[in-house]
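> Sharing a model prediction with you, sequence too.
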Amino acid sequence: MALSADAAQMATYLAALTHPDTNAIRQAEIALKPILKNSQCVPAMIEVVKSRETRTMPCVTSPSSFSFSASSQWCCRLVATVCKVEADGSADSSQAAAGWPELFQFIAAAAGDTHPEARELAFLLLGEMTETIGIHLKPQFVTLVSLFSAGLSDGDIKVQNASVKALGLLLSYLSDEDDIDTFAPLIPPILTVAEACRARNDEEIVSTTLDVLYDLCFSPSQAVAAHMTTIVKFSQICMADSNLEMGVRDSAALVVATMAESRPKHLGRDVPLLTGLLETIFNLIENSDGSAAGALFESNPAWKEDFEGTEGYDESEDGATTETGMAQGTLDMLACEVPKKFIFEPVVSRCMSRLGSTDPKQRKAGIACLGVIAEGCAEPLRENLAQVMPHVFKAAGDSDARVRECACFALGQISEHCQPEVLSYSSQILPIVFALLDDANIAVQATSCYVLEMFCERLEPDGVRPLLDPLVKKLASICAAEEEFAPYVPGVANLMAKLMQLKDEKTFLYCACEGLTFESTDLHEFAYAAFATFLSVAGVSATPHHVISQDEGQLEKAEEAQGNQLMLLMIQMKKTKKASKKGAITAIGEMAAHSGAAFVPFLGDAMTVLLKAADNWHPLIKVECADAMASLIVPCVAQDHGGEIKWEKGDIAGASPLSANTTQAVNVIMKALVVLMQDDTKEVVGKACESIQSIIELCGPHSFASVANECLENTYALLAKEAPCQQLEDYGEEFGDEDDDHDAFMTSVCDLVGSFGRVMGHHFVQYLPKFLPPICEYAKSSRPPSDRSMAVGCLGELAQELGAGISEYWSNVFYPAAIAGLADSDYSVRRNAAFCIGVSCEGLGESVASQYGTMLQAMSPLFGIDVNDGDTAAACVDNASAAVARMITTSPSSVPLAQVLPVVLKALPLKNDMTENETVYNCLFGLLEKNQPDLIANKLELSRVFAEAASEASNVDDDLKEKLKLALQSLH
């Protein structure tokens with residue numbers, strides 16, 4: 001059939017594109033451009049594609065004369081575009097596909113042609129048709145698998161490469177669809193081709209393959225997951241190949257890191273694969289001459305400048321990815337994502353073995369990697385500090401500066417992420433850091449400052465005070481050591497001295513507000529932080545006039561009726577950058593929390609601003625909003641209730657103790673917080689739970705009434721892992737939750753459950769059948785220690801608040817969970833189990849007295865714990881003592897006092913958990929009043945306990961100290 005005039009003209013132009021005449025090709029392209037801009041060209045193009053003339057083009061009929069050029073690529077794109085237009089315009093995709101048999105015959109013929117150029121063209125055309133194939137040509141998938149398989153095994157390298165590119169595009173396009181299973185068997189041959197390319201330094205195909213593998217990491221397909229090992233092994237080889245460009249190697253590292261994120265349990269369970277990865281990472285760090293504390297300097301440009309010119313600094317690496325940076329970033333992701341039961345031991349064992357090496361490069365790698373995993377593996381690291389810290393201390397005194405630098409980095413990371421357990425090592429850490437401040441290597445000095453910042457930030461004032469003099473002198477000497485800074489030391493010191501003597505609140509506030517007038521996000525953030533900190537310290541006495549308006553960043557002055565000028569802080573939550581907005585929200589929360597009734601006139605505006613900001617897309621903004629919302633209730637309580645609301649547990653039948661204003665504010669805020677509980681970010685949900693807990697414990701059960709059902713449902717959904725923030729893709733992970741790590745926000749959820757019992761009282765008992773099973777899931781021995789501690793602690797709080805209400809669930813829930821917890825390896829679990837036993841006995845009374853013998857026997861090992869092992873160990877002994885005291889108080893005849901009292905008295909006074917002082921000493925007072933013989937028989941030990949607890953150095957509160965002194969007098 002003859003072509004129409006339009007089609008004939010187009011066929012002529014297309015044929016010209018295949019000629020070896022550059023001028024003819026250019027003229028054809030110019031002529032085609034206006035034609036292709038008109039949608040009417042589509043019928044003509046389809047006519048050309050289907051026509052006999054198309055098959056007589058040289059590129060099809062004469063492979064021997066075919067020249068693969070930009071023109072043929074252009075033609076392929078043109079054909080692909082026309083196919084897409086026709087398919088998209090068809091109501092039936094399968095019908096559209098069926099209408100192109102000649103096109104697929106052409107592709108198949110070209111793919112099977114004896115000339116490699118024709119075979120290459122076939123895959124080029126398939127690559128250009130990726131979207132059309134993925135959407136409209138699914139019936140051809142089986143045929144395509146055969147074509148791609150042949151292309152990947154083709155004897156010509158160019159054909160192999162073209163097939164990798166075309167198949168890669170299709171795999172990426174289908175990665176999150178079920179149809180990916182059809183092509184998943186082709187992953188191994190792709191990797192075979194890519195490995196051959198890597199061996200001959202063909203980086204383009206290696207890079208293309210890694211991009212495809214990255215997309216496949218997030219595929220939910222089990223067929224893809226089956227190839228995880230080969231994917232990771234290929235990426236691992238690329239990471240280690242120094243012949244590849246650093247960008248390509250970094251792409252390989254990204255594949256490994258992403259696989260750890262998407263399939264952490266698969267990766268963790270494959271022990272040979274994981275250990276091989278770790279060996280590669282350690283080898284990269286130890287064989288690199290770059291700084292292994294580089295992440296620290298990347299976040300501190302000023303320190304990085306100081307580091308230039310020192311040992312280990314490579315100017316060529318400035319601003320670019322390095323081997324060390326790549327390896328550390330990958331290890332950090334592995335530590336954060338792979339379950340700790342799989343990743344912690346193999347990493348730490350390698351760290352320890354290298355730290356014992358005579359090779360400083362190996363020691364550097366060992367201590368550096370220990371610092372890298374401190375965040376991701378914080379929980380198991382806290383449990384093993386006693387074994388780890390001696391090695392860190394030894395590395396800090398190493399003869400090699402690079403090892404000392406990395407030791408400082410590790411100390412800083414441990415100080416930041418292993419709180420509070422690391423504080424018990426302050427007497428060892430601080431002298432070491434002080435010595436390192438005098439190190440000859442500037443990098444070691446800088447990293448030591450980082451350690452001090454992380455460590456001292458969390459020390460109590462009493463712990464910092466003895467260090468102030470030597471610490472300030474050393475830091476000042478470091479500053480003065482810079483020659484450029486030396487001339488300014490006297491002037492700066494005098495200025496700082498004057499600033500430190502400022503006592504005028506208005507001057508301080510003016511300086512802070514003035515920062516808001518500058519176009520500087522940093523200044524805005526610091527100004528808001530200054531307001532928040534100042535008000536949290538000064539409280540109601542420093543209350544300024546605060547106005548929350550829609551003109552943020554503007555500063556005005558106003559006068560009170562008395563004529564005193566006060567600053568008006570005007571905050572807009574509209575156009576501010578994230579950091580400033582976050583700081584402004586924090587400032588609002590602190591103002592509300594500490595300004596008392598003076599904040600009430602501005603409560604409506606503040607509430608409007610926070611409610612609007614709660615809809616912000618950024619999680620950090622929503623987290624700050626959720627945290628600040630609870631503070632908005634405080635001014636109402638200050639104004640209408642004298643700072644305290646007296647409410648009764650579970651009393652919702654009587655009149656509400658809340659004023660109308662408080663009720664209105666509570667209802668609005670609680671509704672917003674309940675909505676935030678359904679956010680898809682865990683940190684936001686955790687803060688929302690904390691604020692709800694704060695409000696209901698401040699205002700009582702009536703504050704909970706309007707949202708009780710929704711709040712309880714949301715809380716259950718969180719416990720059952722059915723909430724929106726927990727519905728993440730599992731990417732083919734078929735394993736259950738036994739390998740899951742602890743989710744920190746779940747502690748806030750379980751604390752809220754305990755608060756329900758504290759506020760709702762007996763009304764919450766009806767919800768126990770629903771809430772207890774998911775809580776107990778976290779108490780299983782297979783769960784991480786933090787999960788077990790959290791769950792047992794939650795059971796203890798419910799037992800304390802519900803009393804006899806737990807009787808129906810004592811024998812099958814509370815009792816077995818507590819007994820198992822007492823035998824746990826973790827101190828936190830054991831202390832919570834002891835607390836649960838004590839409060840359960842107190843609440844259930846004589847009904848469980850027959851089980852005292854078993855419970856006392858299960859608790860007895862706790863009294864053998866060395867309290868010098870740390871705060872948690874001491875708290876464990878304290879809670880065991882309090883549990884026995886509760887048992888004695890409840891049913892003294894059921895406790896063998898002759899055997900029990902000497903053990904308990906030896907453990908007193910309490911060392912850590914001061915909240916149990918009243919429980920323990922009231923029990924002893926009661927026995928003493930009755931002249932209990934077994935207690936009197938231990939009179940000397942009892943006197944010692946009372947004397948130590950009543951001493952000035954004791955942390956016992958003053959009222960209880962007076963009682964102890966009176967009791968002590970009665971013993972003499």
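Yep, it's here. Residues are numbered from 1 along each chain as shown.
> Any chance you could list what contacts stretch 810-828?
By Cβ atoms under 8 Å, 6 or more residues apart in numbering, the surrounding residues in contact with stretch 810-828 are 383, 772, 776, 779, 781, 785-786, 788-789, 791-792, 795-796, 799, 806, 829-830, 832-834, 836-837, 840, 844, 848, 851, 854-855, 858-859, 861-862, 865, 869-870, 872-873, 875-876. Quick note: C-beta positions are derived from backbone N, CA and C, even for glycine.
> Buried subset of those residues as a ChimeraX selection?
Only the buried entries of the contacts of stretch 810-828 go into this ChimeraX selection, using 16 or more other Cβ atoms under 10 Å:
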select :383,772,776,779,785,786,788,789,791,792,795,796,799,806,829,830,832,833,834,836,837,840,844,848,851,855,858,859,862,865,869,870,872,873,875,876
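> ok, how many other residues are close to Pro816?
Residues near Pro816, counting by other Cβ atoms under 10 Å, number 13.
> Pull out the buried residues from the helix or strand hosting it.
Under the criterion of DSSP states H and E, Pro816 resides in helix 815-822. Buried positions in helix 815-822, judged by neighbour count with 16+ other Cβ under 10 Å: 815, 817-822.
> mind checking how far that helix is from the chain centre?
31 Å (Cα atoms, centre = their mean, to the nearest Å).
> In terms of helix, strand or coil, where does the residue nearest to Gln726 when sequence neighbours are not counted fall?
Distances taken as Cβ to Cβ, 6 or more residues apart in numbering place Leu718 nearest to Gln726, at 7.2 Å, with adjacent residues excluded. Following DSSP: H, G, I helix; E, B strand; the rest coil, the label given to Leu718 is helix.
> residues in contact with Leu718?
For Leu718, the contacting residues are 677, 685, 689, 725-726, 746, 749, by Cβ under 8 Å, 6+ apart.
> got it, and Glu416?
Applying Cβ under 8 Å, 6+ apart, the residues near Glu416 are 374-375, 454.
> So which of the residues you listed sit within helices?
Per DSSP state H, helices hold the following members of the contacts of Glu416: Met454.
> Most neighbours of all the contacts of Glu416, which one?
The most crowded member of the contacts of Glu416 is Ala374, carrying 25 neighbours; neighbours defined as other Cβ under 10 Å.
> Let's see the pLDDT reported for that one.
For Ala374, the model assigns a pLDDT of 92.
> Spit out the contact partners of the spatially closest residue to it that is not a sequence neighbour.
Spatial nearest neighbour of Ala374, chain neighbours left out: Gln413 (3.6 Å); criterion: Cβ to Cβ, 6+ apart. Gln413 makes contacts with 371-372, 374-375, 454, as judged by Cβ under 8 Å, 6+ apart.
> Out of those, list just those in strands.
The strands, defined by DSSP state E, take in nothing from the contacts of Gln413.
> which pair in these spans the largest distance?
Farthest-apart pair in the contacts of Gln413 is Val372 and Met454; separation 15.1 Å (Cβ to Cβ).
> with the buried residues of helix 815-822 in mind, which one is nearest to His266?
Nearest to His266 among the buried residues of helix 815-822 is Ala820, at 30.0 Å by Cβ to Cβ.
> returning to what we had before: would you convert the contacts of Leu718 into CSV that also reports secondary structure and neighbour count?
As requested, these are arranged in CSV below (DSSP: H, G, I helix; E, B strand; the rest coil; neighbours: other Cβ atoms under 10 Å):
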residue, secondary structure, neighbour count
Met677, coil, 28
Val685, helix, 28
Cys689, helix, 28
Cys725, helix, 20
Gln726, helix, 16
Met746, helix, 23
Val749, helix, 27
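> Lowest-confidence entry in the residues you listed?
Sorting the contacts of Leu718 by pLDDT puts Gln726 at the bottom of the list (85).
> so how far is Ala720 from that residue?
Going from Gln726 to Ala720 by Cβ to Cβ, to the nearest Å gives 9 Å.
> now swap in Met228 and tell me
Per Cβ to Cβ, Met228 is found 29 Å from Ala720.
> and if you look at Lys581?
Lys581 sits 34 Å away from Ala720, going by Cβ to Cβ.
> and Gly654, how many neighbours does it have?
As a burial measure, Gly654 scores 10 neighbours (other Cβ under 10 Å).
> make that Ala613, sorry
Neighbours of Ala613 (other Cβ under 10 Å): 22.
> low-confidence ranges in the stretch 251-400 of the chain?
Scanning the stretch 251-400 of the chain for pLDDT under 70 picks out 290-320.
> Show the residue spans covered by the strands in it.
For the stretch 251-400 of the chain, no strands are identified by DSSP state E, counting those that start in this stretch.
> so where do the helices sit in it?
Using DSSP state H, counting those that start in this stretch, the helices found in the stretch 251-400 of the chain span residues 264-269, 271-287, 294-298, 301-307, 323-337, 340-355, 360-372, 378-383, 385-396.
> can you put the contacts of Glu416 in JSON lines and add distance to Ser207?
Converted to JSON lines, the contacts of Glu416 look like this (distance: Cβ to Cβ, whole Å):
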{"residue": "Ala374", "distance to Ser207": "33"}
{"residue": "Glu375", "distance to Ser207": "30"}
{"residue": "Met454", "distance to Ser207": "39"}
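> quick one: which of Met228 and Ala720 has more around it?
Neighbours were counted for Met228 and for Ala720 using other Cβ under 10 Å; Met228 has more, 20 against 15.
> residues contacting that one?
Contacts of Met228 (Cβ under 8 Å, 6+ apart): 259, 263, 266-267, 270.
> Please apply the same query to Ala365.
Residues near Ala365 by Cβ under 8 Å, 6+ apart: 282-283, 285-286, 292, 354.
> would you list these in TSV and tack on distance to Val895 and neighbour count?
Converted to TSV, these look like this (distance: Cβ to Cβ, whole Å; neighbours: other Cβ atoms under 10 Å):
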residue	distance to Val895	neighbour count
Phe282	55	22
Asn283	60	16
Ile285	58	27
Glu286	59	22
Ala292	57	29
Arg354	53	22
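> Pull the most distant pair out of the residues you listed.
Pairwise distances across the contacts of Ala365 peak at 12.9 Å for Asn283 and Ala292 (criterion: Cβ to Cβ).
> picking that back up, please save the CA atoms from the helix holding Pro816 in PDB.
Presented in PDB, the C-alpha positions along helix 815-822 are these (Å, rounded to 0.1, in the frame of the first residue of the first chain):
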ATOM      1  CA  TYR A 815       3.800 -12.800  88.200                       C
ATOM      2  CA  PRO A 816       5.500 -14.800  85.400                       C
ATOM      3  CA  ALA A 817       6.800 -11.600  83.700                       C
ATOM      4  CA  ALA A 818       8.300 -10.300  87.000                       C
ATOM      5  CA  ILE A 819       9.900 -13.600  87.900                       C
ATOM      6  CA  ALA A 820      11.400 -13.900  84.500                       C
ATOM      7  CA  GLY A 821      12.600 -10.300  84.700                       C
ATOM      8  CA  LEU A 822      14.400 -11.000  88.000                       C
END
